[in-house]
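Enquirer: fold the following for me, if possible:
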Amino acid sequence: MKKILLVLLLLSSVSVDSQAQSWADMLKSLFGMSTKKSEEIIPETTHIKASELAKTWLFSEPVIDYTGSDPVATMAVSALEGQMEGLMAKAGIQSGRDRVTFKTNKTLTIEINGVVAMGNYTYNPSTGEITMSVSMKEKTATLSGQTECENGVLKLVFDANHVLSTMKAAAPSLADHDYVKIASSVIDTYPGIRLGGTFK
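Expert: As a prediction, the model looks like this:
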């Protein structure tokens, strides 16, 4: 219980921007989690074809999820989710503007706030696994993750530790951000947290 209260107090002290959730809203999001019946059928995940992946995708919204079963981690991730847009804004990532282009020759480009990075990727359509190697400012970052596609929306998620490390390397000032410090602590404590985004 002490650990839960500590996480809640830390998260409640973070002020990412003027749109950040209030303490009351955060409590609602933490304790008002879905109570779907366990017998409910979960739809099978579909993976996009390689030919359909090869196009330009506009960034829509950030994603943070948790593949484990620890209830404290589940609540912490739920609270962090409400602050993700502020983190993206701090990193200079904007919905509807920034984009990733996958080409049929297995190269890619990522454009964030007018800055273009180039790289390569491999994709396995049978499993949805994707690996992206991107070079920017004489540094190369490689991320391996998972894709999901539903109703024309592409979801890309990667190991949260690797994503944060990549973001801090690209924008060192993020390392001092309160949200990043708290998120890093939660992510280090609970393996299975993923970060990424949806694209249209």
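Enquirer: could you report the neighbour count for Gly68?
Expert: Gly68 has 12 neighbouring residues, counting by other C-beta atoms under 10 Å. In short, each C-beta sits where N, CA and C put it, glycine included.
Enquirer: how near is it to Ala91?
Expert: Using C-beta to C-beta, to the nearest Å, Gly68 is found at 25 Å from Ala91.
Enquirer: Glu129 too?
Expert: Counting by C-beta to C-beta, the gap from Glu129 to Ala91 is 25 Å.
Enquirer: compare those two (neighbour count), which wins?
Expert: Using other C-beta under 10 Å, the more surrounded residue of Glu129 and Ala91 is Ala91, with 19 against 14.
Enquirer: was I right about the more buried one contacting Met167?
Expert: Yes. With contact defined as C-beta atoms under 8 Å, Ala91 reaches Met167; the gap is 5.7 Å.
Enquirer: point out where this structure drops to low pLDDT.
Expert: Applying pLDDT under 70 to the chain flags the ranges 1-46.
Enquirer: for this structure, just list every one of the strands.
Expert: Here the chain has its strands, by DSSP state E, at 56-66, 99-102, 107-112, 115-124, 129-136, 139-150, 153-159, 193-199.
Enquirer: which of those strands sits closest to Asp178?
Expert: Of all the strands of the chain, strand 56-66 sits nearest to Asp178, with 16.3 Å by C-beta to C-beta.
Enquirer: let's see the closest one as CSV, backbone CA atoms only.
Expert: Extracted as CSV, the C-alpha positions of strand 56-66 are listed here (Å, rounded to 0.1, in the frame of the first residue of the first chain):
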residue,chain,number,x,y,z
THR,A,56,3.7,7.4,-45.1
TRP,A,57,2.0,7.4,-41.7
LEU,A,58,1.1,10.5,-39.8
PHE,A,59,1.5,10.5,-36.0
SER,A,60,-1.8,10.5,-34.2
GLU,A,61,-1.3,10.0,-30.5
PRO,A,62,1.2,8.5,-28.0
VAL,A,63,0.7,5.0,-26.5
ILE,A,64,1.9,3.5,-23.2
ASP,A,65,0.8,0.1,-22.2
TYR,A,66,1.8,-2.7,-19.9
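Enquirer: got the buried residues for it?
Expert: 57, 59, 62-66 (16 or more other C-beta atoms under 10 Å).
Enquirer: before we move on, the earlier item: reformat the strands of the chain as a markdown table; add distance to Gln83.
Expert: Converted to a markdown table, these look like this (distance: least, C-beta to C-beta, whole Å):
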| stretch | distance to Gln83 |
| --- | --- |
| strand 56-66 | 9 |
| strand 99-102 | 23 |
| strand 107-112 | 20 |
| strand 115-124 | 24 |
| strand 129-136 | 25 |
| strand 139-150 | 21 |
| strand 153-159 | 17 |
| strand 193-199 | 12 |
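Enquirer: right, so of those strands, which gets closest to Pro172?
Expert: Proximity to Pro172 (C-beta to C-beta) singles out strand 139-150 among the strands of the chain, at 11.4 Å.
Enquirer: contacts for that closest one, please.
Expert: 45-48, 52-53, 119, 123, 128-134, 154-159, 162-163, 166, 169-170, 194, 196 (C-beta atoms under 8 Å, 6 or more residues apart in numbering).
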